[in-house]
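**Student:** okay, here's the prediction I keep looking at, along with the sequence it came from:
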Amino acid sequence: MRWAGTRILTPEGLTPGSVLVGPEGRVHRVREGQPEEDPDLPGVVAPAPTNAHTHLADRRAREKIDAEGLSVEEAVAPPDGLKHRLLRSTPTRQLVEGMREALEEAHRAGVRRVLDFREGGPRGARALREAAEPLPVEVTVLGRPSRAEVWDEEKDLLVDLVDGIGVSGLEDQPLELSRAQARWADDHGKRLALHLSEARQEDVDAALSLDPDLIVHATECTEDELARIADAGVPVAACPRCNALFDRRPPLTAMVEAGIDVGLGSDNAMFHEPDPFDEAAFVAREWPEIDAEEILAMACSFALEADPSPTVEEGGEIVVVDDRNGLREGIEDRRIQAREDRR
Ligand SMILES: [Zn+2]
């Protein structure tokens, strides 16, 4: 066991402290205050990160797809974007294996929780449960019906398989269906998440009227719209590297200034490994005006609305970011350690 850290990320910010961490990356003891001796692992201790938005099932397409020159719609929009055609033609067994590979990547990256949008109705949700079963990563399954028209038939099957609904987009289905899904989620203690304004401005007020637990992207939102999202207390999962593939840039600075709780998602697993610290490193480089502490909180403190923020506590998994050259540089270099088997 090793002592790690001189500062701990808490919901109130960075405070002096250190933890005793086992080889599996779990905390055995938390000690407050400035440590008297230099720790074995110097740096900032933070809760193990949450990947705020993934599509793990796309993993198998990583070697097969070249998104160069494609628009967002051509690459990933349902029902006939390139990834959906690939998903439909992939046998369930291969989908499960692909999702498990993606989750293994997430685990190696030290991720504790993944919020996944799972296409493919009950069959797709069941496949993700099967993929996740042997791995210690917590997977929040945000499913959907296989097609909008079969919602009424599939919702009773979905109830035992999903943690919530992941709406692909307000304009991908009738608003009435989104409303029915929001009511269903409410009635069954499930979550509602939706993609919003990824490639063009969409109706923020219609989205907020669904009382979602999570908005994904908000890339094309105006400052005014971000203020309304902040007022509603809805957290946003930003996917900066995926947006950059399509020459877009999420308004992260405005989101932070508006007071939105921002998380980082790696989005489609065909483009990137599901490692939120790759996103954090990208933000640290590309958004120099955002505080490094804020960026660390995006990766490590994010939670769905109504869930408590992860904290550094006994039994919990952590990461340690080397801050000897400054916290920002530690994040940029991805110098992160805690579990001894980590890459
Ligand atoms: Zn997405």
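**Tutor:** On my side now, so go ahead.

**Student:** from here on, just use CA atoms for contacts and neighbour counts.
**Tutor:** OK.

**Student:** list the contacts of the closest residue in space to residue 10 that isn't next to it in sequence.
**Tutor:** Excluding its sequence neighbours, the residue lying closest to residue 10 (CA to CA, 6 or more residues apart in numbering) is residue 311, at 6.2 Å. Taking CA atoms under 8 Å, 6 or more residues apart in numbering as the contact definition, residue 311 lies against 9-11, 46-47, 301.

**Student:** give me that answer again for 10 Å
**Tutor:** 8-11, 46-48, 300-301, 317-318 (CA atoms under 10 Å, 6 or more residues apart in numbering).

**Student:** where does the prediction get shaky in the chain?
**Tutor:** Across the chain, the ranges flagged by pLDDT under 70 are 65-68, 341-343.

**Student:** and the helices in it?
**Tutor:** Counting by DSSP state H, one finds helices in the chain at the ranges 72-76, 82-88, 92-108, 121-132, 151-158, 175-187, 204-209, 223-232, 240-245, 252-258, 276-286, 292-300, 327-332.

**Student:** any chance of the ones you listed in CSV, plus mean neighbour count and distance to residue 165?
**Tutor:** Shown next, in CSV, are the helices of the chain (neighbours: other CA atoms under 10 Å; distance: least, CA to CA, whole Å):
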stretch, mean neighbour count, distance to residue 165
helix 72-76, 17, 18
helix 82-88, 18, 18
helix 92-108, 20, 19
helix 121-132, 22, 10
helix 151-158, 16, 9
helix 175-187, 17, 7
helix 204-209, 15, 14
helix 223-232, 17, 19
helix 240-245, 19, 22
helix 252-258, 18, 24
helix 276-286, 23, 22
helix 292-300, 24, 23
helix 327-332, 21, 32
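
**Student:** pipe those into TSV and attach distance to residue 60 per row.
**Tutor:** Converted to TSV, the helices of the chain look like this (distance: least, CA to CA, whole Å):
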stretch	distance to residue 60
helix 72-76	14
helix 82-88	9
helix 92-108	5
helix 121-132	13
helix 151-158	24
helix 175-187	29
helix 204-209	31
helix 223-232	34
helix 240-245	17
helix 252-258	30
helix 276-286	19
helix 292-300	25
helix 327-332	28
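
**Student:** of all the ones you listed, which lies closest to residue 25?
**Tutor:** Residue 25 lies closest, by CA to CA, to one member of those: helix 92-108, at 11.3 Å.

**Student:** that closest one vs helix 276-286, what angle?
**Tutor:** Put simply, helix 92-108 runs at 60 degrees to helix 276-286, going by axes from the mean of the first three to the mean of the last three CA atoms, to 10 degrees.

**Student:** so of the contacts of residue 311, which ones are in strands?
**Tutor:** Those of the contacts of residue 311 mapping onto strands are 8-10, 46-47, 318, per DSSP state E.

**Student:** now do the contacts for the residue positioned nearest the centre of the chain.
**Tutor:** Taking CA atoms, centre = their mean, the centroid of the chain lies closest to residue 52, which sits 1.3 Å from it. Contact analysis of residue 52 by CA under 10 Å, 6+ apart lists 113-116, 140, 214, 216, 235-239, 262-267, 274, 276, 298-300, 302-304.
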